[in-house]
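K.L.:
compute the structure for the input listed below.
(chains A and B)
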Amino acid sequence: DIQMTQSPSTLSASVGDRVTITCRASQSISSWLAWYQQKPGKAPKLLIYKASSLESGVPSRFSGGGSGTEFTLTISSLQPDDFATYYCQQYHSWTFGQGTKVEIK
Amino acid sequence: EVQLVQSGVEVKKPGESLKISCKGSGFSFTTNWIGWVRQMPGKGLEWMGLIYPGDSDTRYSPSFQGQVTISADKSISTVYLEWSSLKASDTAMYYCARQDTLKLFDYWGQGTLVSVSS
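P.N.:
Numbers count the residues shown, from 1 in each chain, chains lettered A, B, ... in the order given. Presented below is the predicted three-dimensional model:
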């Protein structure tokens, strides 16, 4: 099974900060990676698919990059609505990363 | 509008059986895989398995194989997640989600909370 490792587990940041979350796969997954945002008590929401494609309706401050085994999710200027937990997921065997909680500094 | 509507909160005792549901609308139910995801209290997302309602082809995560059964009734656009004997460790929120070939899980149900306690 392909393992997904996110870092950091928790990230403290301020409104306006540029934030980057990393997701590493245990073997190459090409560009087959998605990113989700989850807020407490809510279902996850798709942000990015195929590593770098922005889902319709998602603000352009979110961007995804990478291929092979290393991927990033970047929020260019953190907004109050962005404090949440973020997960990566690979397409081959559907496993998720363990999540990164973005909290207020 | 694509929607996945899940069944309501369940409170059960260890050893009891349970079947929860996820009803789809607004898309071609028989030509999209539907997946199940577990989220234990305060923990991350875990992929459990997928079903293709068109022919009931099913894939399970090794972690959940033999522990749950995923099924579908395409006549009513509904997929199910079933346990034959619940354990306290099955206490969690369970989400269904539609898999798009390109986007992975693009639409999610609202979640079903399952609580198992003696």
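
K.L.:
going by C-alpha atoms from here, please, whenever you check contacts or count neighbours.
P.N.:
Noted.

K.L.:
quick check, the residue in chain B closest to chain A?
P.N.:
Using Cα to the nearest Cα, B:Lys103 is the residue of chain B that sits closest to chain A, at 5.1 Å.

K.L.:
now that residue: closest residue in space, sequence neighbours ignored.
P.N.:
Leaving aside its chain neighbours, B:Lys103 sits nearest to A:Tyr49 (5.1 Å; criterion: Cα to Cα, 6 or more residues apart in numbering or on different chains).

K.L.:
repeat for A:Thr10
P.N.:
Sequence neighbours aside, A:Lys101 is the residue nearest to A:Thr10 in space, at 4.7 Å (criterion: Cα to Cα, 6+ apart).

K.L.:
what sits against the one you found?
P.N.:
A:9-11, A:83-86 (Cα atoms under 8 Å, 6 or more residues apart in numbering or on different chains).

K.L.:
and the residue nearest the centre of chain B?
P.N.:
Relative to the mean C-alpha position of chain B, the nearest C-alpha, by Cα atoms, centre = their mean, is the one of B:Trp36, at 3.6 Å.

K.L.:
just give me the neighbour total for B:Phe27.
P.N.:
14 (other Cα atoms under 10 Å in any protein chain shown).

K.L.:
likewise for B:Asp90?
P.N.:
For B:Asp90, using other Cα under 10 Å, the count is 19.

K.L.:
next, A:Ala51: phi, psi?
P.N.:
phi 70, psi -40 (degrees, to the nearest 10).

K.L.:
do A:Arg61 as well
P.N.:
Given degrees, to the nearest 10, the pair of backbone angles that A:Arg61 has is phi -70, psi -20.

K.L.:
is it true that it touches A:Asp82?
P.N.:
No: counting by Cα atoms under 8 Å, A:Arg61 does not reach A:Asp82; the two are 10.2 Å apart.

K.L.:
who has more neighbours, these two?
P.N.:
Between A:Arg61 and A:Asp82, A:Asp82 has the larger neighbour count (other Cα under 10 Å), namely 18 against 13.

K.L.:
and the closest residue to that one other than its chain neighbours, what pLDDT?
P.N.:
Computed as Cα to Cα, 6+ apart, the closest residue to A:Asp82 that is not its neighbour in sequence is A:Val102, at 7.8 Å. Here, the pLDDT recorded for A:Val102 equals 98.

K.L.:
I figured A:Val102 hits A:Ala84, correct?
P.N.:
Yes: A:Val102 is within contact range of A:Ala84, at 5.5 Å (criterion: Cα under 8 Å).
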